[in-house]
Structures are given as C-alpha cells and as structure tokens.
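**Q** One predicted model, sequence on top.
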Amino acid sequence: MPTAVYNSLLGGRVVIRRVYFSSRFKFIRITLLVSASLLGSSTAIAQEAAASIGLKGADAETIAERANQSSEASGGNEGEIVVTALKRATNIQDTPLSISAIGAKTLTNMGITDSTQLARSTPSLVFRENGNGPGTRVIIRNIQSSGEPVVGVYYDETPVVGSAGVSNDAGGSSPEIRLFDVERVEVLRGPQGTLYGSGSMAGTLRLIFNKPNMNETQGGVAGQVSTTAHGGPGYETQGFINLPLIEDKLAVRAVGFYRDRDGYLDNSRLGLKNFNDTTSKGGRLMVRFKPTSDITFDGLAVIQDTDTFHSNWFFPTYASGGQPYDASYESVQPQKDNLHLYSGTLNWDLGGAILTGVASYSKRALEYNYDTSQYFRNASANATVNSAGCRNYAGSGTAACSSAQLGQYRQYALSMAPSTAYSPQDTKNSTQELRLSSSGKSALNWTVGAFHAVRKTGIVSDVNAVDPATGQMIVPLTTVPTVAGNVTRPATVLFRRVIEDELKQVAFFGEVGYAITSRLNVTAGGRYFDYSKTVTGSVTVPNIVIGNGLEPPTTSKASENGWVFKFSADYHLTDDVMLYAQAAQGFRPGGVNQVIGLPSALGPYTSDSLWNYEGGIKSSWFDRGLILNVDVFQVDWSDIQSSAQTSNAQANGSTFSFITNAGNVRIRGIELESTIRPLRGLILQASGSYIEAKLTEDQRPVNGITIAGAGLKGDFVPNTPKITAQASAQYTYLLADNIELLTRADMNYVSSAWNLYQRTNAFQQRLPGYATVGLRAGVQAENGDWGISLFANNLFDKVGLSTKGNGALFGGGNNVRTVSIAPRTIGIDFRKNF
C-alpha cells in the first residue's frame, strides 16, 4: 500500500485522485465513508471505505488506524463534518458534483430530526407540504411541478415513492422520514438520471443510516421534551442497540422511536383547541452478514406509522387581522401515513469488479380527509335554472329547470354540507437493481447495470357526510347497537370514485470514466428507459352536484422509451482548487389522467425531460480555514408537466384538476457554499442560491382546448423562490476533560413565490418570503458519548407560509387555505451512548 494513501487520509490530495481512478462511480460513497472515519466515526467505517475500493486485510486496517490517528490529532473533534454540513468533507472537494453531505453530529447540533427539515442545511433544497393530503414535495433548483417526483428520495439504496393519488401527483406525497442513528445525508443537486433513474430529474436525496457493527456491542438513547407556541407540550424518545452475533460474520442493529406532539391549530367553528396532535412511532431492523471477506449482505426492515391532522388553515381570517392557525372548517381533517419497507443489498467483490444487487418491497397506506362543505354551499347559493346540476336533478335535459325545481335542487345541494373528501390509498412498490462496477487501480473505470420497478396504487376517492356537532366523518353503513336492537345507519357516501394505477419501468445504464492525466478526468454515461402506465377508473356512487353519473371501469394506457445522457470533466488547478463542467439529462414518466368529464384529448400527457449545463469551482484555502464552492447552471426543461383546469370546467366549478404538458422552461441559477474557521472552536457557514425559472413560450393549448390561467412566456414557474439562504455560527469551548460547551445559531431564508403562472389569474396567491432563526446551547462529551441542550426553533415565531391554494373544491377564490411552518418550539433534548 503506497505511503501516499496513508498521507492522503491526513489531508493530502494525490491518493484521492488514485482512489478516484479506481472506482469513479463509488467515489462519493467511499469518500464520505472515509471522511466520516477521519472526522471521528468508527474504525469499521474506515475499513468499509477501504474495502469499497478493493483494499483488504492489512491495507484496510492501516487506513482505519491512520484515520483514527488523524481524528486524535485534532482532538477527536467532528468539527470538520459540522463545517461541511452545508458542503463536502475535505476529500469530497475532489468530487465533480454539486453535492452536500450532512453528518450525524451536524444533524444533532442543528436539531434536525426528520427529512423535511433538511432545507435548513442545503442551498436550493425546498420542501412544500401537500396542500390536500399527506406528504411533501421535494424541490431542488426550482425544478418542480405536478406529476411523478423530480427528486429521488432514497432510504439507503432503496427509492421511497409517493402515492399517485386521484390527480396523478406522486411527487407531492413524499413521506417524512425520521432521522435517528444516521451516518450521513447526501443531497446531490442536478440531474442524476444516468445512475438513479426517472425519479432524479432534479437531484437525489439519500438518507444513509448506520449499519450493524460486526465487532462491538453498542447502544444509545435520546429524548426530547418541548412546548410549541399556540399549542402545548410534546415529547419524543428513541434508541438503538447493536449486537454482534458472530464476530466478523453476523450482526444486527435495531432502532425504535416514538413521538407525541401537541397540536397548534384551533377550529373556532367547532370549538376545538390545539387539535392537530401528532403521534409517530416505528423502527428499523438491520442485519449484516459477511459469510466471506468478499461478500456482504445487508437486510433492512422499516416500519413508520404517523397519525395526525392536516396542517392547512383558513387564511382570510389571518389576512384581515385575526389570529393564525385557525382551521375553521365544518369538518376536521385527520391523516394516517403508514410505511413498511423491506430491502436486501448484496455486495460481492469478484476481484477486479464489484457486483451489487438490491431488491426492495414497500407498502404505504395513506388515509386523509379535507373539508368540502363550502363547495356544496356555494353550489347551492350560485345555482340557476340553467345550471347543469339543476337540469340533471330535474331531468329536463338541455332545457332550463323551473323555479320550483331550482329551489328543490338548492336544498338538495345544501343537504350535502357539512361533508368531507376522504381518500384511502394503498401503494405497493417493488424494485430490483443489479450493477457491476470496476475496482482496483486503473485510469479506466466503469459501471453497468439494469433496473426494474413496479408500482401499484389503489385509490378510493369519497365525499362523505359529516356530523355537524363534532366535525367527524360519519362512517358509512355502520351497525349501531340500540335498546331496540341493531340499527344500520343509512349510506352516507355522497360520491365515490375508484382508481387503480400501475407504473412499470425497466432501464439499462452505464458510465465510463477515464483519467487522461493526473489532473484531468472525463466521464460519459447513458441510461435507456422503457415505462408503461395503466390507469383504470370508475364512478360507483354518482353525484349530480359534482356533475357525474355512474361510470363503468375504463382503462387508459401510456408508454414511452428513450435515452438520457451525461458528460462531465474536471481539472485540478492545484491540490486545493478544482474546476468541473457537466452536461446531464433527466426525465420522468408521463401518464394518463382519470378525471371526470375531462375531454379525451386531455387524457394522456407525455414525459418531460431536461438538460442541465453546469460549471463549478471547489476550493479550500489557508489550510482549510476557508472553504468556498460556487456553481452556475442552466436547465432547459422541455414539455414540463403541470397541473391545470380547462376554462369551461373552471367556469362550471370543476372539482378536479388534471396534468398536461405546459411547454418549455429555462432555469438559470447560482449556488454558493462557504465555511470559515476564524479561530479555534468557531465555525461560520453561509450558503444560498439565486434561481429564476421561467416559461420560454406560452403554455400550449391541447387540440384547441383552452387551459384556464395558462402560463405566458416569461411567467415564473409556480412555487419557486428566487432566493434560498442558510447561515450558521457555532462555537464550542472545552470546559473540562471531555466536556465541552456548545452554542449555535442558525438562520434559514426562503424568498417569495407565486402559486400559479399568471399573476392576473383570479386564483393566484402570493407566498411571502420568510426567515427563521434557531438557537441551541448545551454541554456535551467531546467524544460524542452524551449531551444535553436547550433549543429554540423558529425563535421569533414567524408565520412562514409554504403553500396557499383556493378553487372550486375549497369554496371559491375567497376561501384560501394555507400551510405554514411550525410555530416557535422551545425545549430540551438529551442523548447518551453506551
């Protein structure tokens, strides 16, 4: 093993490029693993990193030993991984990608406990909670729209998918994932379509958890007690245990967690206070098996169940000077989100190549409600003798109904309030991936592989009656015991639509990298994809007010195949300054709308795709006292999928939106990440992005059908802030042997955005920009074994709006609903490893 390799782990650069030669496509994972060891993680991690690049035995052990010596030389401090929470660890500076890596200690110091809070740590990463149902939309570089996800979310090697839902918007329901016992989080910005596929058109978010340690019994607990402004107290507890069952051969690691948070929403109509309580519980079980030194198998089982209420609330009251957080609807809006995921990953070192196989299966059950009462009240109040609903009710065909019939129809429509939309959805997803990567020391390196996935979703979309006294949905056809005997309630389902959605994908991919010189490297890659979408829908309980009759099951299909490509080059000006350039393509599947009364021409929509052109510089100065990384990019997005309504449908009060291809978009932006260590113990960080995403043409009509509020050339893509910014200051001071004081302040800023294309659209809503501040202070063991801290998130109790929307379903343009960030939360947390 060359001495240069060992020296590189102490801060050199030469061998990093040699490692880079040996396995281009494992490089990100390897360098993160090695840097984790350098920054205070276990010896086992360093050994795994060495094994990943084909080093074994004494070589791997020496790497681990040198890594620990390096950590001890810096006081066992994980300061570097904290510094690089918004950027890369030192050796990741040599990676020609816009990638951020956030380590476990940084997540702890920032108080980040779930995936939706990661926007506080990374430029151009935004999470927007679904306005109607469970889940969030993950956005990178302002690449966001309805349809399939544009950001791939991975639980280690396994993609985590959303539900297609009634509107085919799987990208809007990414689940919240608890972050405990985390090794690191990776945020890859820009298309990753070559290696990660259709879900990574804008980037990839990888949540990588600690694996079983084969040689040490370990455990840990953590807890938190907090109180939320406008609400009440909450708590959470979590723990892990690691057990080697057969030394160097078999080990298990189990993680459990439970969270109970008091709500902060009120309902002045129903007299409810702080009603949106949240309970979340679950765990992970991981098994690592190494039958030989060349083969490693990792098994994973995850269960995560969440019971809560939707957090949208009625905006007009607040806009007119009232209090925020008043969900003053006629019904409550409970949600359930249950995720079960199982996967197995095999790595086999064949000597000169590494074979990796991944198989996974997941089940996700969603149930959610949202209030529809005002829709029926408006339908009643606005009905005329020429309204389609009145004519259908009276059976008058195209002729106007009479005044008497109009009065009866109005009472009929009014009888459907209060009511709630209720949608249970079950999604099952299976994936298989097999890839082969080169290993060993060579200027030429490569990866080839194949991928297969099937996602099946069953959806029921009801409108159900509600008990006006409690706001609770009346369970249909329930048998109720009485003194006189069992009584069956009358059917309370006012409307029912049933949808079955299936998406199948097959892909073959590969990348090849070559080191032309010791400083210049080039890479090219491609992916062939083939997908098919099948959607079957029916209406089993019709509703005249909504505007439909019985509809038998009808099936629609869409399919497509094609290629995406990637080309990149990087050049090291010095050991501390690297330039890189990249052109990469991304795509996502199209599909078929299943919308009541939608013209057939608007049923299918095609895939959309983009090219990302990017150049950047990564640099470190003054012995890494200053790290500065900057990238600029342009994205040309073709045939963007977008949510819309037809003008006629909107005029008639259509309840349902659909997806269509809106046209072409150009996105231009700049991202910056910086870290300064002006003195021992003090770390200052700043990062941010400035991005503009605009239509480059008017939104195209489909076969002559006009889209209501269609976007015009120069309109900004909805829900895309121009500016995101993050800043932090952290100071640690050694109080005594192995005891240090930690103080930290964080700031996160998101600029304003609009929720639709045209600002003249009657339904257009502005999302004001907002900034939040977090503070943390406490004492902890310098080696990370224990800690206790006081914290305040959203210190100034900012009402930051992340989503706003209105429309016919919510009762018209004046009935705006909004989703906001959590109010100020103050608490104390603690942790102890053993």
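**A** On my side now, so go ahead. Residues are numbered from 1 along each chain as shown.
**Q** so M473 sits right up against Y368, yeah?
**A** No - with contacts counted by Cβ atoms under 8 Å, M473 stays clear of Y368, the gap being 11.1 Å. Where you see a C-beta, it was placed from the backbone N, CA and C, and this is true even at glycine.
**Q** Overlap in contacts, these two.
**A** Taking Cβ atoms under 8 Å, 6 or more residues apart in numbering as the criterion, M473 and Y368 both touch Y422.
**Q** Could you pull out the buried residues of stretch 271-285?
**A** Buried positions in stretch 271-285, judged by neighbour count with 16 or more other Cβ atoms under 10 Å: 272, 275-278, 280-285.
**Q** For the protein, just list every one of the helices.
**A** 3-9, 14-22, 27-38, 43-52, 57-73, 79-83, 104-110, 193-196, 315-319, 373-382, 388-394, 403-414, 647-651 (DSSP state H).
**Q** so A399 sits right up against R391, yeah?
**A** Yes - using Cβ under 8 Å, A399 is in contact with R391, at 7.1 Å.
**Q** which of the two has more neighbours?
**A** Comparing A399 with R391 by other Cβ atoms under 10 Å, the one with more neighbours is R391, at 19 against 11.
**Q** Tell me what the residue positioned nearest the centre of the chain is bridged to.
**A** Taking Cα atoms, centre = their mean, the centroid of the chain lies closest to V138, which sits 4.0 Å from it. When bridges are called by DSSP bridges, V138 pairs up with F127.
**Q** That one: what's it in contact with?
**A** Residues near V138 by Cβ under 8 Å, 6+ apart: 125-127, 149-151, 153, 171, 174, 205.
**Q** Save the residues you listed as CSV, and put in pLDDT and distance to D248 too.
**A** Output for the contacts of V138, formatted as CSV (pLDDT from 0 to 100; distance: Cβ to Cβ, whole Å):
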residue, pLDDT, distance to D248
L125, 90, 39
V126, 88, 44
F127, 86, 41
P149, 91, 39
V150, 92, 42
V151, 92, 38
V153, 90, 33
G171, 86, 43
S174, 87, 38
L205, 90, 33
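**Q** could these be laid out in TSV, adding neighbour count and distance to V252?
**A** Below are those laid out as TSV (neighbours: other Cβ atoms under 10 Å; distance: Cβ to Cβ, whole Å):
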residue	neighbour count	distance to V252
L125	23	33
V126	23	37
F127	19	32
P149	25	32
V150	27	36
V151	28	32
V153	22	25
G171	28	35
S174	26	29
L205	24	27
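**Q** Out of those, which sit inside strands?
**A** Counting by DSSP state E, the contacts of V138 place 125-127, 151, 153, 205 in strands.
**Q** Widest-spaced pair of these?
**A** Across those, the longest distance by Cβ to Cβ is 13.8 Å; it joins V126 and V153.
**Q** OK, contacts around L245?
**A** L245 makes contact with 251-252 under the criterion Cβ under 8 Å, 6+ apart.
**Q** From G239, how far out is it?
**A** Distance of L245 to G239, computed by Cβ to Cβ, to the nearest Å: 19 Å.
**Q** do the same with G669
**A** Distance, G669 to G239, by Cβ to Cβ: 41 Å.
**Q** Ok, M747 next?
**A** The gap separating M747 from G239 is 32 Å, by Cβ to Cβ.
**Q** who's more crowded, these two?
**A** The neighbour comparison of M747 against G239 (other Cβ under 10 Å) goes to G239, with 19 against 16.
**Q** so the more buried one makes contact with V221?
**A** Yes - assessed by Cβ under 8 Å, G239 is found in contact with V221 at 4.2 Å.
**Q** can you pull out the strands in the stretch 551-700 of the chain?
**A** 551-574, 577-588, 591-592, 604-605, 608-621, 626-638, 641-644, 658-661, 665-679, 682-695 (DSSP state E, counting those that start in this stretch).
**Q** As JSON lines, these with distance to S789 would be great.
**A** Converted to JSON lines, these look like this (distance: least, Cβ to Cβ, whole Å):
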{"stretch": "strand 551-574", "distance to S789": "40"}
{"stretch": "strand 577-588", "distance to S789": "36"}
{"stretch": "strand 591-592", "distance to S789": "47"}
{"stretch": "strand 604-605", "distance to S789": "49"}
{"stretch": "strand 608-621", "distance to S789": "30"}
{"stretch": "strand 626-638", "distance to S789": "26"}
{"stretch": "strand 641-644", "distance to S789": "42"}
{"stretch": "strand 658-661", "distance to S789": "45"}
{"stretch": "strand 665-679", "distance to S789": "22"}
{"stretch": "strand 682-695", "distance to S789": "17"}
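**Q** could you dump the ones you listed to JSON lines with distance to T384 and mean neighbour count?
**A** Output for those, formatted as JSON lines (distance: least, Cβ to Cβ, whole Å; neighbours: other Cβ atoms under 10 Å):
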{"stretch": "strand 551-574", "distance to T384": "26", "mean neighbour count": "15"}
{"stretch": "strand 577-588", "distance to T384": "43", "mean neighbour count": "21"}
{"stretch": "strand 591-592", "distance to T384": "34", "mean neighbour count": "24"}
{"stretch": "strand 604-605", "distance to T384": "34", "mean neighbour count": "22"}
{"stretch": "strand 608-621", "distance to T384": "40", "mean neighbour count": "20"}
{"stretch": "strand 626-638", "distance to T384": "43", "mean neighbour count": "20"}
{"stretch": "strand 641-644", "distance to T384": "26", "mean neighbour count": "24"}
{"stretch": "strand 658-661", "distance to T384": "26", "mean neighbour count": "24"}
{"stretch": "strand 665-679", "distance to T384": "40", "mean neighbour count": "19"}
{"stretch": "strand 682-695", "distance to T384": "36", "mean neighbour count": "20"}
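**Q** Including distance to V185 and mean pLDDT, could those go into CSV?
**A** CSV is the format used below for those (distance: least, Cβ to Cβ, whole Å; pLDDT from 0 to 100):
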stretch, distance to V185, mean pLDDT
strand 551-574, 23, 91
strand 577-588, 21, 94
strand 591-592, 30, 86
strand 604-605, 33, 85
strand 608-621, 19, 94
strand 626-638, 17, 95
strand 641-644, 27, 82
strand 658-661, 30, 84
strand 665-679, 15, 95
strand 682-695, 15, 95
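**Q** Please list all residues in contact with L406.
**A** 383-385, 390.
**Q** How about F275?
**A** The contact partners of F275, taken as Cβ under 8 Å, 6+ apart, are 263, 265-267, 309, 327, 332.
**Q** Closest one to L341 out of the residues you listed, please.
**A** Using Cβ to Cβ, the shortest approach to L341 within the contacts of F275 belongs to F309, at 24.5 Å.
**Q** In the sheet, which residues pair with the closest one? Tell me.
**A** Bridge pairing for F309 - DSSP bridges - gives P334.
**Q** cool, L346 as well?
**A** Taking DSSP bridges as the rule, L346 bridges to F297, G357.
**Q** Same question for T732.
**A** Beta-bridge partners recorded for T732 (DSSP bridges): L742.
**Q** count of neighbours near it?
**A** T732 has 21 neighbours, counted by other Cβ under 10 Å.
**Q** Looks like it contacts E740 (just checking).
**A** Yes - between T732 and E740 there is a contact under Cβ under 8 Å: 5.1 Å.
**Q** For I112, list the residues it contacts.
**A** Applying Cβ under 8 Å, 6+ apart, the residues contacting I112 are 102, 118, 120-121, 179.
**Q** From V185, how far out is it?
**A** For I112, the distance to V185 equals 9 Å [Cβ to Cβ].
**Q** Please identify every residue contacting each of these two.
**A** Common neighbours of I112 and V185 (Cβ under 8 Å, 6+ apart) are 102, 118, 179.
**Q** Could you pull up the residues touching D797?
**A** When contacts are counted by Cβ under 8 Å, 6+ apart, D797 touches 229, 823-824.
**Q** Likewise for F587?
**A** Shown in contact with F587 (Cβ under 8 Å, 6+ apart): 193, 198, 201, 529, 562, 564, 607-610.
**Q** How about it: which residues does it bridge to?
**A** Per DSSP bridges, the residues bridged to F587 are S609.
**Q** for I828, same thing?
**A** Assessed by DSSP bridges, I828 has beta-bridge partners V225, L790.
**Q** thought S461 was touching R496?
**A** Yes - judged on Cβ under 8 Å, S461 makes contact with R496 at a distance of 7.1 Å.
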